[in-house]
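Enquirer: would you be able to build a 3D model of this:
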Amino acid sequence: MATPVPYEESFDAQYGLEFHEMTEELVRASVPVSNTVRQPYGPVHGGVFASMAESMASAATHEAVKGEGRVALGMSNQTSFLRPILEGTIHAEARRRHKGRSTWVWEVEITDDDGRLCALVRMTIAVR
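Expert: Numbers count the residues shown, from 1 in each chain. The predicted structure is shown next:
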């Protein structure tokens, strides 16, 4: 297995992911909107939404299974974009929907500062 990367050098740190709560059933995180996460014409890049969801689901699953000597790896990321975010903060809440022996499934809601639903993500995490 690869050597862990310090958070401040990770991809998540580069786009500003901040974790606020993490259990094996629920994760809350956010990213401040800046030019670094925007598309050239203004809205937040959809890859940021997908990245947030994958990092949140992978991290929570990993924390839950690492004591058993197991690892968690993103297996599937299906993101539906519903409305753009142009400014403020991107808010995300991930809820575990399935805890299996070899896969966990999470649903992630991405909202803006007004609480409007901007993206829905279904993440499948492989547990090995």
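Enquirer: CA only for contacts and neighbour counts going forward, please
Expert: Noted.
Enquirer: what's the spacing between the residue lying farthest from the centre of the chain and residue 79?
Expert: What lies farthest from the middle of the chain is residue 41; by C-alpha atoms, centre = their mean that is 23.6 Å. Distance of residue 41 to residue 79, computed by C-alpha to C-alpha, to the nearest Å: 21 Å.
Enquirer: which residues sit in contact with the residue nearest to the spatial centre of the chain?
Expert: In the chain, the C-alpha nearest the mean C-alpha coordinate belongs to residue 53, at 2.2 Å (C-alpha atoms, centre = their mean). Neighbouring residues of residue 53 by C-alpha atoms under 8 Å, 6 or more residues apart in numbering: 92, 94, 108, 121, 123.
Enquirer: quickly note the distance from the nearest residue to residue 36 once chain neighbours are set aside to residue 32.
Expert: Leaving aside its sequence neighbours, residue 36 sits nearest to residue 15 (C-alpha to C-alpha, 6 or more residues apart in numbering; 6.9 Å). Using C-alpha to C-alpha, we find residue 15 at a distance of 9 Å from residue 32.
Enquirer: just the buried residues of stretch 56-65, please?
Expert: By 16 or more other C-alpha atoms under 10 Å, the buried positions in stretch 56-65 come out as 56-62, 64.
Enquirer: could I have that stretch exported to CSV, CA atoms only?
Expert: Extracted in CSV, the C-alpha atoms of stretch 56-65 (Å, rounded to 0.1, in the frame of the first residue of the first chain):
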residue,chain,number,x,y,z
MET,A,56,-16.3,12.1,2.1
ALA,A,57,-17.6,8.6,1.5
SER,A,58,-14.1,7.1,1.2
ALA,A,59,-12.8,8.8,4.3
ALA,A,60,-15.7,7.7,6.5
THR,A,61,-15.7,4.2,5.2
HIS,A,62,-11.9,4.0,5.7
GLU,A,63,-12.1,5.2,9.3
ALA,A,64,-14.7,2.5,10.0
VAL,A,65,-12.8,-0.4,8.5
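Enquirer: that'll do, ta.
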